[in-house]
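Asker: sequence and predicted structure are below.
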Amino acid sequence: MLPISPRAQAALAGAARRPIRAEWSNDGGASWVPVPQLAAAEVRPDRTAECRYSGTADLIGIPLGASGVNTVTTQVRLFQGIQGPRMDVEWIPAGVYVVDRLTRTRYGAQVDLLGREEVVRSAKLPAPRAVGPDSAQALAEQLLAEALPRVPIAWLDGVDPSTPVPAHVIEEDRWAALAGGTDTAGTDTGIAAALGADLYADAAGVLTFAPIPTLDDPVVWRIPYGLALVEPAEQETAEGLVNLWAVSGDGGDGAPATGPVYVWDDDPASITYAGPAPVADPLAPQREGLSGVRIRAERYTSALITNVGQAYDVGRARLADSLGVQASLSFTSVCHPGLEPGDVVEVEVRPGEWQRHIIDSCPYTLGSAIQSCTTRTTTRRVTS
């Protein structure tokens, strides 16, 4: 969750003012110019999107062209304010963006906005480049700084920036080399993926390496039934569900491969339980009368995984992500501008029935008192 004071959070469910504002910059964020009037704006935080933050805005009274707002050099940042009784306005960042599309209007411009990831995505390498060996931090920060000079980079607890990355070749796609994807040969790539981490630009525009969120993370917001919840829509799907990962590292250079190591759901109380030893003893569930056990296995291989400990970290991260898609919940609540994708919330879906969910997306219109969220959970974990 974004930093927000207890007074501001308490004001969300009451009669709070919700002012909005915007600023623009043509020098990479070194200086910012206030937008005279932000007529309307919508932000769409989404953990499943390549640009975690995207949105639209109607900017009034701004200059256009090379010395004003344009689609080549301009960045825009948005803010949502909270002002409860007898308190000053507290401003919550609502994303830092590049202008993807601009439509001139009578009084300014309507703009489509994409997060700073878009700058890195478009800054492809003009020629293949050999990088490493070096630490994950040294390589990642060099690749990011080339595309986004002076932009801050954060490494959150749970991600080891000192992890060694072997020598390898980046063919073209800078973002795939940093975050995760495949190269032209179909080989898995990505420094963040090889650390068991996510890479994204947060609401303040900081490029962030963060651990994969899990349902065991601290709950940041409890949403009671009837007060902040309207007609929850619940869905379940097995699409994307994996309960056993085989992870290995192979640089294809003749050096000994790492792994494979195996990580699975070993919780007998879980509906996605993979059994006590699905690799070494796949018949154990039958002997023990566990007729409901079903294996859904996937493999992951990366040239950037160099040791068994790292392979286990990646496996645990992938397992956390692939188990958390079985059940989803869509709900409308009081608008909480501090909520971020990946946050863990507890929702009272029916009187007395609380479920723990991870926020996947939480779009809202700036200035609005309500927002809609989409979440996911593993196995309908109920708390009292």
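Answerer: It's in.

Asker: and residue 172, how many neighbours does it have?
Answerer: Applying other C-beta atoms under 10 Å, we find 14 residues neighbouring residue 172. For every residue, glycine as well, the C-beta is placed using N, CA and C.

Asker: thought it was touching residue 128?
Answerer: Yes: with contact defined as C-beta atoms under 8 Å, residue 172 reaches residue 128; the gap is 7.1 Å.

Asker: low-confidence regions, this structure specifically.
Answerer: The model of the chain has pLDDT under 70 over residues 181-188, 226-235, 251-255, 324-328, 378-384.

Asker: residue 190: what's it in contact with?
Answerer: By C-beta atoms under 8 Å, 6 or more residues apart in numbering, the contact set of residue 190 is 176, 177, 178, 179, 180, 181, 302, 304.

Asker: now swap in residue 362 and tell me
Answerer: If you count contacts by C-beta under 8 Å, 6+ apart, residue 362 has them with 45, 336, 339, 340, 341, 371, 372, 373, 374.

Asker: let's see 7 Å
Answerer: For residue 362, the contacting residues are 45, 339, 341, 371, 373, by C-beta atoms under 7 Å, 6 or more residues apart in numbering.

Asker: so the last one touches residue 331, yeah?
Answerer: Yes: between residue 373 and residue 331 there is a contact at 5.9 Å, judged by C-beta atoms under 7 Å.

Asker: ok, these two, which is more surrounded?
Answerer: Shown here are residue 373 and residue 331; by other C-beta under 10 Å, residue 373 has more neighbours (26 against 21).

Asker: can you tell me the closest non-neighbouring residue to that one?
Answerer: Setting aside the residues directly before and after it, residue 373 is nearest to residue 362 in space (C-beta to C-beta, 6 or more residues apart in numbering), at 4.6 Å.

Asker: cool, and residue 298?
Answerer: Closest residue to residue 298 apart from its sequence neighbours, by C-beta to C-beta, 6+ apart: residue 242 at 4.7 Å.

Asker: what about the one you found, how many residues nearby?
Answerer: A count of nearby residues for residue 242, using other C-beta under 10 Å, gives 20.

Asker: now residue 269
Answerer: Around residue 269 there are 7 other residues, counting by other C-beta under 10 Å.

Asker: that one: what secondary structure?
Answerer: coil (DSSP: H, G, I helix; E, B strand; the rest coil).

Asker: and the gap between it and residue 52?
Answerer: With distances taken as C-beta to C-beta, to the nearest Å, residue 269 is found 33 Å from residue 52.

Asker: what residues go with each domain of the chain?
Answerer: Using automatic domain parsing, the domain parsing of the chain gives 6-116, 119-211, 219-237+326-383, 244-316.

Asker: who are the packing partners of the longest helix seen in the chain?
Answerer: As assigned by DSSP state H, the longest helix anywhere in the chain is helix 308-323. Helices and strands touching helix 308-323, by 3 or more C-beta pairs under 7 Å, 6 or more residues apart in numbering; DSSP states H and E, are strand 244-249, strand 258-264.

Asker: can you list the strands that the shortest one pairs with?
Answerer: Based on DSSP bridges, the strands next to strand 244-249 in the sheet, each with its direction, are strand 258-264 (antiparallel), strand 297-302 (parallel).

Asker: which of those strands sits closest to residue 107?
Answerer: Residue 107 lies closest to strand 297-302 among the strands paired with strand 244-249, at 50.5 Å (C-beta to C-beta).

Asker: quick one: the closest one to helix 308-323, angle?
Answerer: Using axes from the mean of the first three to the mean of the last three C-alpha atoms, to 10 degrees, the inter-axis angle of strand 297-302 relative to helix 308-323 is 130 degrees.

Asker: and for strand 297-302, what's in contact with it?
Answerer: 188, 193-194, 242, 244-250, 314, 318.

Asker: check which residues of that strand are buried.
Answerer: 300, 301, 302 (16 or more other C-beta atoms under 10 Å).

Asker: mind listing the strands for the stretch 51-200 of the chain?
Answerer: Remark: strands assigned in the stretch 51-200 of the chain by DSSP state E, counting those that start in this stretch are 54-60, 75-82, 90-104, 108-115, 129-131, 134-135, 153-155, 164-165, 168-170, 181-182, 188-189, 197-201.

Asker: quick one: closest of these to residue 23.
Answerer: Closest to residue 23 of these, according to C-beta to C-beta: strand 75-82, at 5.4 Å.

Asker: can I get the strands of the stretch 51-200 of the chain in a markdown table including distance to residue 215 and mean neighbour count?
Answerer: Output for the strands of the stretch 51-200 of the chain, formatted as a markdown table (distance: least, C-beta to C-beta, whole Å; neighbours: other C-beta atoms under 10 Å):
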| stretch | distance to residue 215 | mean neighbour count |
| --- | --- | --- |
| strand 54-60 | 26 | 21 |
| strand 75-82 | 27 | 23 |
| strand 90-104 | 25 | 19 |
| strand 108-115 | 26 | 22 |
| strand 129-131 | 36 | 13 |
| strand 134-135 | 31 | 15 |
| strand 153-155 | 23 | 16 |
| strand 164-165 | 30 | 18 |
| strand 168-170 | 34 | 18 |
| strand 181-182 | 26 | 14 |
| strand 188-189 | 26 | 21 |
| strand 197-201 | 16 | 25 |
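
Asker: okay if I get those strands as TSV plus distance to residue 4?
Answerer: Output for these, formatted as TSV (distance: least, C-beta to C-beta, whole Å):
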stretch	distance to residue 4
strand 54-60	20
strand 75-82	8
strand 90-104	6
strand 108-115	20
strand 129-131	39
strand 134-135	34
strand 153-155	18
strand 164-165	36
strand 168-170	39
strand 181-182	34
strand 188-189	36
strand 197-201	19
